[in-house]
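In: Please find the sequence and the predicted model below.
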Amino acid sequence: MAGDQPSLVSLISDILEVPDVLFVVKSGAAVAEIRGDSLDVSYKNNWITVGDNNGPAHMHINMTGVSSVRFVQEEKPTRTSYSVQLTDDSGERILAAFFTKMYDSEMKLRPDRVGTYELLEKEWGNKMS
């Protein structure tokens, strides 16, 4: 996986084109959440930057630490969560991109949102595993 940085940059770019995606980084006792709306992506020296270094929020992802990408649908008591997760060699999550607003006001899945997620999974799921 670490040798396939350009594909990972393209995947993250495609995710950033989807409205209402929440990027979540967990590290020990801290959690950072960044809305993906209108963020740019760049790549240099094995690092992906999401957002603008001079903006209110951005993140750097060291691609040499990413060993796999998983498309995850997790059943919760009242809903299913949809995400794309980058993991390290030990299977620990480095970064997750959660697809939010998957349900309407009556808690019914929105077919348009599910379709967008499934298209990304179809496009990238086999390439990135």
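Out: That came in fine, so what should we check first? Keep in mind that this is a model prediction, so the values were computed, not measured.
In: Which of the helices or strands spans the residue nearest the centre of the chain?
Out: Against the mean C-alpha coordinate of the chain, by Cα atoms, centre = their mean, the closest residue is Ala97 at 2.7 Å. Using DSSP states H and E, Ala97 maps to strand 93-99.
In: Not counting the very next helix or strand once past that strand itself, show me its contacts.
Out: Later in the chain than strand 93-99, the nearest helix or strand by DSSP H and E is helix 111-128. Here helix 111-128 makes contact (Cβ atoms under 8 Å, 6 or more residues apart in numbering) with 1, 4, 7-8, 11, 14-15, 18, 68-69, 71, 82, 84, 99, 101-102. Bear in mind the C-beta positions are built from the backbone N, C-alpha and C, glycine included.
In: and with 10 Å instead?
Out: Helix 111-128 is contacted by residues 1, 4, 7-8, 10-11, 14-15, 17-21, 66, 68-73, 80, 82-84, 86, 97, 99-104, 110 when judged by Cβ atoms under 10 Å, 6 or more residues apart in numbering.
In: Pull out the buried members of these.
Out: Neighbour-count burial (16 or more other Cβ atoms under 10 Å) applied to those gives 1, 8, 10-11, 15, 18, 21, 66, 69, 71, 82-84, 86, 97, 99-100, 102.
In: Narrow the residues you listed to those in strands?
Out: Judged by DSSP state E, the buried ones among the contacts of helix 111-128 include Val21, Val69, Phe71, Tyr82, Ser83, Val84, Leu86, Ala97, Phe99 as members of strands.
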